[in-house]
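any chance you could fold what I've pasted below:
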Amino acid sequence: MSHNSCLREKGRKGQAFGKGIPMVDAKEKVIGKAAFLDDLEFPGMLHGKILRSPFAHARIVHIDTSRAERLPGVKAVITGKDTPTEKFGYRFYDQTILAQDKVRYYGEEVAAVAATEPEIALEALDLIKVEYEELPAVFTVEEALQENAPLVHDDKENNIAQETVITRGNIEEAWEKCAVILEETFITSRVHPAYLEPQGCIGFYDFSGRLHVYAGNQNPSRTKLKLSEALGLPIGNIRLVQTFVGGAFGGKTHQQVIFITSALAQKAQGYPVKIVLDRSEDFMSTLYRVPMRIRIKMGADREGRVLAKEMDILADNGAYSINAPVVVDTAATRVDSLYRFKNLKTTTRLVYTNNPASGMFRGFGNPQSTFAVECMMDMLAEKLQMDPVEIRLKNATQCGDVTAHGWEIKSCELSSCIRKAAAAIGWQEKKSSPRRNRGIGMACVIHVSGNRSVFPPFDGSTATVRINENGEAYVLPSDGDIGQGMSTVSAQIAAEALGFPVEKVRVHRVDTDWSGFGLGASASRVTTIGGNAVKLAAEDAKRQLLEHAAIMLKTAKEELDIEDGNVINSKSGAVLASAAEAAKFAVYSSGGDYIVGRGKYVTPGVVIADAKTKYGNISSAYSFGAHAAEVEVDVETGKVTVLRYVAAHDSGQIVNPLLAQGQVEGGVVQGLGFSFCENMHFENGKLLNDSFLDYKVPLALDIPPIETIFVDSYDPNGPFGAKGLGEPVLVPVPCAISNAIYDAVGIRLTELPFSPERIREAWKKKQRKAGEA
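Residues are numbered from 1 along each chain as shown. Presented below is the predicted three-dimensional model:
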């Protein structure tokens, strides 16, 4: 443990925490018993299908559904006029459940049908006649910002959804002190989350009028709240059950299919309605990574200390503001706390276009701006004739810092990550003995463990832990498992806090009728914030169990502890009774009820960032990392081969090393897709590559050797010292690759993805310049 790590928490014995156990639901998934959305069936269930717009921008003149309604087997047809006219949303309220007056992107939902068979529902869609008046459209932010450009929303002047200016320090004075100033523009692409399970939903109303929703949703509590707003239902009349989730990565935070299914179920008069999108529909309607054009200017003194940074971000919002505004806020600020930057100016413009809505995707805006900053760090190092590792170490944030944006860094091993990643890739040896067309590159990352500014009313988590007569603990968390292993992590944290074997802990899926409120699986928050709630609930349950055990054993509670599922003498370690005996005594002889522990966690000292300045300590803890890549470039074909990849991370104490390694490897592979091949291609608003045949993702044979390093640290705000890991593992990948390509062949790639065509063109451009010289 290094000098700036915090002291370990007393009382942790390592019975379950820190063990590399397989996922607790692995067997269910392997043998096909895990119930994903499309596995569920209800008596009398109808099948829903959605009619989508064939235009990117058009006025809806008239919709005739009469023929569809008469088709045998059709039970319900809805259009925008059958849904509330009140708009809903997140930061900005600009959405309706179905298009009402006009459509704003190709594929927007216009009508929906529920029928006894999927084929009948599809036939009914063909019978709906919609008269459109096509309107001029804007497909790029540059087009949308032109004078007299068509307005996507009539009440949004100049098509600007959001505009911000953030300043820190004295930027003009800082420029005067710089020995070197560089400026560049970076462009990031539209990237789909590319999860395995398409979006879907089942909804029905019971006899009391309550809406029951089943979906693989990331944020059940928040989605329930938004359903209440969109449908005009009392929030207590809605129940949302989280099914097993076949991948999400941010794309299942907002799911329009949930709102449409719920509205269709209202018309279906008690019949359950299931809608499962096909892959093409999923591609055109899922939130994708917000594409950005980032102009950045950075300056440093002769010693390599960065003195000033100015950034202008132009981002494509798409047709609706779902969560892109918060993503752009993140892109504007997060990377600044990676280093000891003091003098900053950032302007952002989020622009409406006639493209599908962009939004959350793993990294939440951080990959875009980190790509720009981490490439610029290498460019500054070259100009100053410094090693890229050295300039990062010279500027790295340290434990105890309060950053330019007010972030309080209570644990930080960034410098250790940089050194360990460099050593593992063989930095010094490879730099001193370069090989033709081979290069190495590095990039770093900072990320939050929860973000107080994403959902201002409550960013905490809740949990209950019930102990039954068999001495088994049942955990009901508020933040569910979306495939990342949260059920396993919750089981390990609860087992550690209780003193139970992890095999004696069961974790239930989120059901808003029984689970408490939690923001859900986003912002890398579930281990830190959700885990803390589970820990508190388990500690409360343990306290109650020991109180009953003390009565049963006729001894003082202070003389007892629980270890390996047994009540023991805290001094001698002698086993006095089993936890099952104490729990049974509590139910039948002492308390007359099950032991139920409750936990609620809201991080102390965390605030909502100021709406204008974006200043404030927004997270419970901050994770850090450094990645290093070695590549070989074939300049004739443009092919880049990643020979080795190293990812060093400070994520506090690691709950489960096996799952954590899987997170790192998966995130790196997803980052390689972002770097090399993933890009959504649109033509006049229509998505051209709407299947896995045409939308390319990395395959197993594309994956290089990946070395994972976890740097030891301890955060006082994390459960047993843990911090978030899920998102930071992707963030630095494109920058590390870009820097390695430059080191190999001297071409600076500033636009994602790094396709063979772009690499060949960049190489030819370099050769032409060399010839002219």
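
excluding chain neighbours, give the residue nearest to F204 in space.
Among residues not flanking F204 along the chain, P272 sits closest, at 3.8 Å (CB to CB, 6 or more residues apart in numbering). C-beta coordinates here come from the backbone N, C-alpha and C atoms, glycine included.

could I get the phi/psi values of the one you found?
Main-chain torsions, P272, degrees, to the nearest 10: phi -70, psi 140.

neighbours of it, how many?
P272 has 21 neighbours, counted by other CB atoms under 10 Å.

go ahead and confirm it touches H47.
No: P272 lies out of contact with H47 (CB atoms under 8 Å); the separation is 10.1 Å.

K19 is in what secondary structure piece?
For K19, there is no host helix or strand (DSSP states H and E).

how many residues are close by it?
By other CB under 10 Å, 15 other residues sit near K19.

that one touches V502, doesn't it?
Yes: with contact defined as CB under 8 Å, K19 counts as touching V502 (7.4 Å).

any residues in contact with both of the two?
Here K19 and V502 have Q492 as joint contacts, going by CB atoms under 8 Å, 6 or more residues apart in numbering.

any idea how far the residue nearest to F204 lies from F42?
Distance from P272 to F42, counting by CB to CB, to the nearest Å: 4 Å.

now do P705
The separation that P705 has from F42, given CB to CB, amounts to 47 Å.

give me the three-state assignment for H649.
Here H649 takes the strand state, with states given by DSSP: H, G, I helix; E, B strand; the rest coil.

could I get the pLDDT score of G270?
According to the prediction, G270 has pLDDT 89.

that one and A582: what is the separation?
According to CB to CB, G270 and A582 sit 46 Å apart.

same deal with A268?
Per CB to CB, A268 is found 50 Å from A582.

so between those two, which is more surrounded?
Neighbour count, other CB under 10 Å: between A268 and A582, A582 has more, with 28 against 23.

excluding its backbone neighbours, what's nearest the more buried one?
Nearest residue to A582 in three dimensions, chain neighbours excluded: A549, at 4.0 Å (CB to CB, 6+ apart).

can you show me the CA trace of stretch 164-176 as CSV?
Listed in CSV are the C-alpha atoms of stretch 164-176, where the atom choice follows Å, rounded to 0.1, in the frame of the first residue of the first chain:
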residue,chain,number,x,y,z
THR,A,164,-22.9,26.1,-21.6
VAL,A,165,-19.8,28.1,-20.8
ILE,A,166,-17.5,26.9,-17.9
THR,A,167,-14.5,28.8,-16.7
ARG,A,168,-11.9,28.2,-14.0
GLY,A,169,-8.9,30.3,-13.0
ASN,A,170,-7.6,32.9,-15.4
ILE,A,171,-7.3,31.4,-18.9
GLU,A,172,-5.9,34.5,-20.7
GLU,A,173,-3.2,35.1,-18.1
ALA,A,174,-2.3,31.4,-18.3
TRP,A,175,-1.8,31.5,-22.1
GLU,A,176,0.8,34.2,-21.7
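
can I assume D459 sits in a helix?
No: judged by three-state DSSP, D459 forms no part of a helix; its state is coil.

residue ranges of the strands in the stretch 401-550 of the chain, please?
With DSSP state E, counting those that start in this stretch as the criterion, the stretch 401-550 of the chain has strands at 438-448, 461-467, 473-477, 505-507.

got any ranges where this protein has weak pLDDT?
For the chain, the stretches flagged by pLDDT under 70 are 1-13, 453-457, 591, 773.

how near is the residue lying farthest from the centre of it to H548?
Distance to the chain centre peaks in the chain at K554, reaching 50.4 Å (criterion: CA atoms, centre = their mean). According to CB to CB, K554 stands 12 Å off from H548.
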